[in-house]
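*Asks:* model the structure of this input:
(2 chains)
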Amino acid sequence: MTAGCTTIPLRKTALNAVHRALRAKMVDFGGWEMPVEYSGLIAEHMAVRTGVGLFDVSHMGDIQLRGPGSLAAVQRLCMNDASKLAVGQAQYSAMLHPDGTFVDDVVVHKLSDNDYLIVINAGTREKDVAWVRRQIGHMPGVHVSDYSDMYTQLAIQGPKAEATLQKLTEAELRGIGNYRFAWGKVCGLYNVMIARTGYTGEDGFEIYIPSDELTSARVWGEVLAAGAEFGILPCGLGARNTLRLEAAMALYGHEISETVNVFEAGLERYAQLDLAAKGDFVGRDALVAIEAAGGPKRRLAGIEMVERGIARDGYPVCTVGGEKIGAIASGSPAPFLKKNIALAHLPVRYAGVGEVVAVEIRGQLVQARVVALPFYKRTKKYA
Amino acid sequence: MAYPAGYRYTKEHEWISVEGATGTVGITEYAQNSLGDIVFVDLPKVGDALEAGKIFGSVESVKAVSDLYSPVSGTVTAINEELKDAPERVNADANGTWMLKLALKDAGELEGLLSAAQYEAFIAEETGQ
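*Replies:* Residues are numbered from 1 along each chain as shown, chains lettered A, B, ... in the order given. Here you go, the predicted structure:
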């Protein structure tokens, strides 16, 4: 290191020491030192598909909007229609740039009338908070708070998530529907937010507990103990990525970014463009113009390798004749499906299900085909 | 012992064990651990000529792909066919799971490789421990 050069230390969650004690492999993820895997990515992935897994997702950010103007502020900031939310309900949404590309994708929770919690991505935290303040700072009756560092956020995911968490809470989890949340006593902590949300394509919960190390480590340990009979595994970002990819859920910087618009990402079902229903929001004009012009020129396509080879992030996607038509946004072996899958934004004429394309893997064209999304959809609903 | 004393090592994390004029090549414990779950090993064909320090194949885990570099020059005499269907064997036993055998072209090239102690020191330096 040269004199005068300052290295910004990686940020750590309250569970950092716990991850290290479990001998997790740690990586830099968006400025955070996070566990990428513990016992092994495939075992962790399978635990979530067939049993239950536990993730530390405390690096996610939390912005709260409060006050009589909070709904108007959420509606201005995010593309989905938050007026449809009941208290205790959450929705997938996104904050857009004026050109219809993504600032970030978010989950909006309606805590009560005039009180909303927006959960944002880790790597975009500062940018998002600044964006929120800039866009709605002038609006009356809304107070913006950044509570990102106040919560340890744990994701308990898998078909046995409910049975695991139910042992630790008096709240009746059965009664919490998908993308709904409630408050209850968890591990002796009062008023814990328990949301039936996640990023794995599986049933599961995300809980928000105080971010002090002692409490965080205690709850982490109690969840692992409660899930032991179901073969629970602590799971890292590696499995989180392959799980969300099988479920075709977007990852910021890959399927969605500042260069991909809502239609290109295939997420327009989460955008309410009807002015009468929702009102104006940042990015709406651009989306309306894209729609009026006949839709986007490229679309997110699911790709499954036909020939042997693994498509990885950034690899060129070509016609079978070798003409470059796009690049892999995310690609990986899919541990549960046991196929090599990928997502890529392709020109509309190549993005239809059944199209045959090729992925250039280290100089070789390897045949692939466009398949329906998501690659994986859970069959069983929670009880 | 994570790194058998009888093997020689490359800075790209391959090992080679030599008997007579035949070398047997695999990847190290450090390499398999860094890669994580291995799902695909791409190897050359019997009869292919390998050159010391040049890429001869690749190994892929769920997370990443990594090139394989030949420790020495020679001609491939056998490849481990078991790895086609069971690449995870490399994770289970990196030292005992060979990838290919080759007829050495110049045994003198072995002297340019690392001993087990040198390799361990090299890794310690790489990982800052």
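
*Asks:* tell me which residues in the lengthiest helix in chain B are buried?
*Replies:* Longest helix in chain B, counting residues (DSSP state H): helix B:116-126. Residues of helix B:116-126 classed as buried by neighbour count (16 or more other Cβ atoms under 10 Å in any protein chain shown): B:116, B:119, B:120, B:122, B:123. Backbone N, C-alpha and C define where each C-beta goes, glycine included.

*Asks:* same check, this time on stretch A:289-302
*Replies:* A:290, A:291, A:296, A:298, A:299, A:300, A:301, A:302.

*Asks:* and which of those residues is nearest to chain B?
*Replies:* residue A:302 (18.3 Å; Cβ to the nearest Cβ).

*Asks:* so the closest one touches residue A:373, yeah?
*Replies:* Yes: at 4.3 Å, residue A:302 counts as touching residue A:373 under the criterion of Cβ atoms under 8 Å.

*Asks:* any shared contact partners between these two?
*Replies:* Any residue near both residue A:302 and residue A:373 by Cβ atoms under 8 Å, 6 or more residues apart in numbering or on different chains counts here, and that gives A:248, A:343.

*Asks:* count the residues that sit near residue A:213.
*Replies:* Burial of residue A:213 is recorded as 15 neighbouring residues (other Cβ atoms under 10 Å in any protein chain shown).

*Asks:* tell me the pLDDT at it?
*Replies:* Looking at residue A:213, its pLDDT reads 98.

*Asks:* is it in contact with residue A:17, as I believe?
*Replies:* Yes: contact criterion Cβ under 8 Å: residue A:213 and residue A:17 qualify, at 7.1 Å.

*Asks:* pull the contacting residues for residue 97.
*Replies:* Let's take chain A. Contacts of residue A:97 (Cβ under 8 Å, 6+ apart): A:103, A:258, A:282, A:283.

*Asks:* chain B is the one I meant
*Replies:* Contacts of residue B:97 (Cβ under 8 Å, 6+ apart): B:26, B:80, B:83, B:89, B:90.

*Asks:* residue boundaries of the helices in the stretch 251-383 of chain A?
*Replies:* Remark: helices assigned in the stretch 251-383 of chain A by DSSP state H, counting those that start in this stretch are A:275-278, A:284-292.

*Asks:* show residues contacting the longest one.
*Replies:* Going back to what we said before, that points to helix A:284-292. Contacts for helix A:284-292 (Cβ under 8 Å, 6+ apart): A:79, A:96, A:98-100, A:261-263, A:268, A:271, A:273, A:275, A:296.

*Asks:* are any of the residues you listed buried, and which?
*Replies:* For the contacts of helix A:284-292, buried by 16+ other Cβ under 10 Å: A:79, A:96, A:100, A:261, A:262, A:263, A:268, A:271, A:273, A:296.

*Asks:* and those residues near chain B, which?
*Replies:* For chain B, no contacts are drawn from the buried ones among the contacts of helix A:284-292 by Cβ under 8 Å from any Cβ of the partner chain.

*Asks:* all strands for the stretch 251-383 of chain A, in order.
*Replies:* Along the stretch 251-383 of chain A, the segments classed as strands by DSSP state E, counting those that start in this stretch run A:298-305, A:316-318, A:324-334, A:339-347, A:356-361, A:364-371.

*Asks:* now the longest helix along chain A: buried residues?
*Replies:* Ranked by residue count, the top helix of chain A under DSSP H comes out as helix A:213-227. Neighbour-count burial for helix A:213-227 flags A:215, A:216, A:217, A:219, A:220, A:223, A:224, A:226, A:227 (criterion: 16+ other Cβ under 10 Å).

*Asks:* look at the spatially closest residue to the first one that is not a sequence neighbour and say how many residues are nearby.
*Replies:* Put plainly, it is residue A:215. Of all residues not flanking residue A:215 in the chain, residue A:209 sits nearest, at 6.1 Å (Cβ to Cβ, 6 or more residues apart in numbering or on different chains). Residue A:209: 22 surrounding residues under other Cβ under 10 Å.

*Asks:* got it, and the one 3 residues further on?
*Replies:* Neighbours of residue A:212 under the rule other Cβ under 10 Å: 12.

*Asks:* show me where chain B has helices.
*Replies:* B:29-35, B:82-85, B:89-92, B:116-126.
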